[in-house]
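A.B. asks: sequence-free structure coming up:
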């Protein structure tokens, strides 16, 4: 269902180019329900930061795309900041087509599980459909591993993004942005021992693709220890979790990263707050009394991320 509102979404490509020039990163925040969307947009509005709202295939299935579209319409009507709507991790052409036809600003087609040539063919199919409609496309090259545990150089080469392949991939597909694998991973358990990102490889990728091409970091939540503690103090069992240290993001933005995905940190803030209310007020059964504080917690973590990514005041 296409968006139906007087204020329109902003092209994702436009936001990413501004971020590249300004040496900051756009936070791309995953949305699954009303409270998450409200928290993200309220944070962006307060700090006058442009936002990328992300909807995954799982979110579309959980919330129903029609409901999500209407929530995004409400966000546009109740704010004046630039907002883009992005499909996160589209698995095939059909889901990308549905989102393109539905008015999304951009889509991600994730063919990273396929061999190089198959990935190129799939991405080009989506690009050829999206570009005439003014929709930009993100792809992924390389595979985000699970927890790193003494990965050898040869193993890294097998799953991390190859700079020469990245250049060829972009040239042959016409893709607008590229998610790269340099050591991040999805979820709350990203590293064992010291957290490391392969910045030398990132510099080589930027050199290969050029300084004007936006790169994307997936699996880049920081998994703040205080959020994990709130969860665990109130009955969760999230042990040994570790994310990407926030000081690493400044270095990444200097090397062409213009979009940083955030999902796990939002989940931790949301869940921790709900658990805390449930533990402290076991007689409470009004959803507003635990979803409201959860929304507040997410708003604060998004405000923090906006400042870390240096997106505040960039609206």
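C.D. replies: All right, it came through fine. These figures come from a predicted structure and were not determined experimentally. Numbers count the residues shown, from 1 in each chain.
A.B. asks: Do a quick rundown of the strands in this structure.
C.D. replies: Remark: strands of the chain, listed N- to C-terminal, are 26-30, 51-56, 83-90, 106-109, 136-141, 177-180, 215-217, 257-262; assignment by DSSP state E.
A.B. asks: Any chance of the ones you listed in TSV with mean neighbour count as columns?
C.D. replies: In short, each C-beta sits where N, CA and C put it, glycine included. Conversion of the strands of the chain to TSV gives the following (neighbours: other Cβ atoms under 10 Å):
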stretch	mean neighbour count
strand 26-30	26
strand 51-56	25
strand 83-90	26
strand 106-109	28
strand 136-141	26
strand 177-180	25
strand 215-217	25
strand 257-262	26
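A.B. asks: could the ones you listed be laid out in JSON lines, adding mean pLDDT and distance to residue 99?
C.D. replies: Written out in JSON lines, the entries for these read as follows (pLDDT from 0 to 100; distance: least, Cβ to Cβ, whole Å):
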{"stretch": "strand 26-30", "mean pLDDT": "97", "distance to residue 99": "15"}
{"stretch": "strand 51-56", "mean pLDDT": "96", "distance to residue 99": "8"}
{"stretch": "strand 83-90", "mean pLDDT": "95", "distance to residue 99": "4"}
{"stretch": "strand 106-109", "mean pLDDT": "96", "distance to residue 99": "5"}
{"stretch": "strand 136-141", "mean pLDDT": "96", "distance to residue 99": "11"}
{"stretch": "strand 177-180", "mean pLDDT": "96", "distance to residue 99": "16"}
{"stretch": "strand 215-217", "mean pLDDT": "95", "distance to residue 99": "17"}
{"stretch": "strand 257-262", "mean pLDDT": "96", "distance to residue 99": "17"}
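A.B. asks: now those strands in a markdown table, with distance to residue 164?
C.D. replies: Listed next are those as a markdown table, based on distance: least, Cβ to Cβ, whole Å:
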| stretch | distance to residue 164 |
| --- | --- |
| strand 26-30 | 27 |
| strand 51-56 | 29 |
| strand 83-90 | 25 |
| strand 106-109 | 22 |
| strand 136-141 | 11 |
| strand 177-180 | 13 |
| strand 215-217 | 15 |
| strand 257-262 | 19 |
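A.B. asks: what's the neighbour count on residue 14?
C.D. replies: The burial count assigned to residue 14 is 14, neighbours taken as other Cβ atoms under 10 Å.
A.B. asks: now residue 285
C.D. replies: Residue 285 is flanked by 9 other residues according to other Cβ under 10 Å.
A.B. asks: Now it. Its backbone dihedrals?
C.D. replies: For residue 285, the backbone dihedrals are phi -140, psi 10 (criterion: degrees, to the nearest 10).
A.B. asks: ok, it to residue 277 distance?
C.D. replies: Plainly put, residue 285 is 11 Å away from residue 277 if you go by Cβ to Cβ, to the nearest Å.
A.B. asks: With residue 113 instead?
C.D. replies: Relative to residue 277, residue 113 is positioned 39 Å away (criterion: Cβ to Cβ).
A.B. asks: Have a look at the two and say which one is more surrounded.
C.D. replies: Neighbours were tallied for residue 113 and for residue 277 using other Cβ under 10 Å; the higher tally belongs to residue 277 (18 against 10).
A.B. asks: Surely residue 177 and residue 214 touch.
C.D. replies: Yes: contact between residue 177 and residue 214 holds when scored by Cβ atoms under 8 Å: they sit 4.4 Å apart.
A.B. asks: joint contacts of these two?
C.D. replies: Both residue 177 and residue 214 are contacted by 16, 258, 259, under the criterion Cβ atoms under 8 Å, 6 or more residues apart in numbering.
A.B. asks: how much does the longest helix seen in the chain deviate in direction from strand 51-56?
C.D. replies: When secondary structure is assigned using DSSP state H, the longest helix within the chain turns out to be helix 287-308. Here helix 287-308 runs at an angle of 120 degrees relative to strand 51-56 (axes from the mean of the first three to the mean of the last three Cα atoms, to 10 degrees).
A.B. asks: Give me the angle between helix 287-308 and strand 257-262.
C.D. replies: Using the same axes, to 10 degrees, the inter-axis angle of helix 287-308 relative to strand 257-262 is 160 degrees.
A.B. asks: So which elements touch helix 287-308?
C.D. replies: Using 3 or more Cβ pairs under 8 Å, 6 or more residues apart in numbering; DSSP states H and E, the elements in contact with helix 287-308 are strand 26-30, helix 34-47, helix 264-280.
A.B. asks: Rebuild the ones you listed as TSV, extending it with distance to residue 142.
C.D. replies: Conversion of the helices and strands packed on helix 287-308 to TSV gives the following (distance: least, Cβ to Cβ, whole Å):
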stretch	distance to residue 142
strand 26-30	18
helix 34-47	28
helix 264-280	20
